[in-house]
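>>> Show me the folded form of this:
(one chain, ligands or ions: 1)
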Amino acid sequence: MTQVVSIKNLKYSYKKGHPILDIENLDISEGDRLFLYGPSGCGKTTLLSIMAGILPAKEGSLKIFNTEYVGLKPSKRDHLRGTQMGYIFQMFNLIPYLNVRDNILLPCKISPARRNKLTPKELNEKCHELAHNLKIDSLLHKKVTEISIGQQQRVAAARALIGFPKLIIADEPTSSLDTENREQFLQNLFTQCEAQKTTLIFVSHDKELKKFFSHHILLPEINRVKHL
Ligand SMILES: Nc1ncnc2c1ncn2[C@@H]1O[C@H](COP(=O)(O)OP(=O)(O)OP(=O)(O)O)[C@@H](O)[C@H]1O
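Okay, the predicted model is just below:
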């Protein structure tokens, strides 16, 4: 099976002498739906940011789709993130002066590789299809500052999914949803990932969500750095 992520002895610290992560092995296969969990401060966002190439992998080995990220230039990491990943941030990071539709289409505006998978007409249809499946189609022309937090989370999911990324990294995307909306959001995300054959790495400190995933990892169990 194709490996999407392969980690060997990956170490990370923000400041010298203060290690945050030291992971001996972690492999994520294509099509996997991984739930990564652990208490606040254990390094979940740090690990996701390294996998996304936002933070540099400095020591050990991190391969994403067979590209070694340790030592990779920031511009190359940015390019790979733009072309093959969708990232749903903890705080969504939607652009406040753009409407819902333009927020969803943003990754394709930025990345020609993502945009060129579809004609402009198909891209527009895909945007409508994602919005329909995530139940935000009536909001496409609204400003993102005028919609609810739950709706913003679904816009962030649609934005991550547009242009068929091979990997979605989601950092606590359901933290401000109630139980019913949370489960619905997850089911919608799974359906879209399955339809697009996208691998999903989903982070939360909410253990309740574990049951919805095929594969789960408690980060403190694989991290040799112990956070109190
Ligand atoms: N920019 C930074 N500079 C220095 N230390 C940082 C920085 N960001 C995070 N840390 C530290 O790294 C550790 C891991 O933080 P991280 O945000 O990865 O944890 P987390 O598991 O995602 O937490 P939460 O569930 O609260 O979001 C924490 O001790 C935190 O204080």
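>>> tally of neighbours for residue 207?
12 (other C-beta atoms under 10 Å). Using the backbone N, CA and C atoms, a C-beta is placed for each residue, glycine as well.
>>> Repeat that for residue 118.
As a measure of burial, residue 118 has 17 neighbours, counting by other C-beta under 10 Å.
>>> In the helix or strand bottoming out on mean pLDDT in the chain, which residues are buried?
Every helix and strand of the chain was ranked by mean pLDDT, DSSP states H and E. The lowest is helix 112-115, at a mean of 84. Of the residues in helix 112-115, 114-115 count as buried by neighbour count, 16 or more other C-beta atoms under 10 Å.
>>> hmm, who's touching the helix or strand encompassing residue 190?
In the assignment (DSSP states H and E), residue 190 maps to helix 179-196. In this structure, residues lying in contact with helix 179-196 by C-beta atoms under 8 Å, 6 or more residues apart in numbering are 33, 130, 133-135, 150, 153-154, 157, 161, 164-165, 168, 170, 173-174, 177, 198-200, 202, 209, 212.
>>> returning to that earlier point: helices and strands around the least confident helix or strand of the chain, which ones?
helix 74-84, helix 100-110 (3 or more C-beta pairs under 8 Å, 6 or more residues apart in numbering; DSSP states H and E).
>>> Mean neighbour count added to those, as CSV?
As requested, those are arranged in CSV below (neighbours: other C-beta atoms under 10 Å):
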stretch, mean neighbour count
helix 74-84, 16
helix 100-110, 20
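>>> ok so, going back, and the contacts of helix 179-196, which are buried?
Buried among the contacts of helix 179-196 by 16+ other C-beta under 10 Å: 33, 130, 133-134, 150, 153-154, 157, 161, 165, 168, 170, 173-174, 177, 198-200, 202, 209, 212.
>>> Tell me which strands whichever helix or strand comes after the helix holding residue 190 pairs with, and in which orientation.
Per DSSP H and E, the first helix or strand lying C-terminal to helix 179-196 is strand 199-204. Taking DSSP bridges as the criterion, strand 199-204 forms sheet pairs with strand 33-37 (parallel), strand 167-171 (parallel).
>>> Single out the most deeply packed of the ones you listed.
strand 167-171 (a mean of 24; mean count of other C-beta atoms under 10 Å).
>>> any idea how far that one is from the chain center?
Taking the mean of its C-alpha atoms, strand 167-171 sits 1 Å from the chain's own mean (C-alpha atoms, centre = their mean, to the nearest Å).
>>> again with stretch 148-167
9 Å.
>>> same thing with stretch 105-121?
On C-alpha atoms, centre = their mean, the centre of stretch 105-121 falls 18 Å from that of its chain.
>>> Can you give me the end-to-end span of that stretch?
In stretch 105-121, first residue to last residue: 12 Å (C-alpha to C-alpha, to the nearest Å).
>>> who's in contact with that stretch?
82-83, 86, 95, 98, 123, 126-127, 159-160, 162-165.
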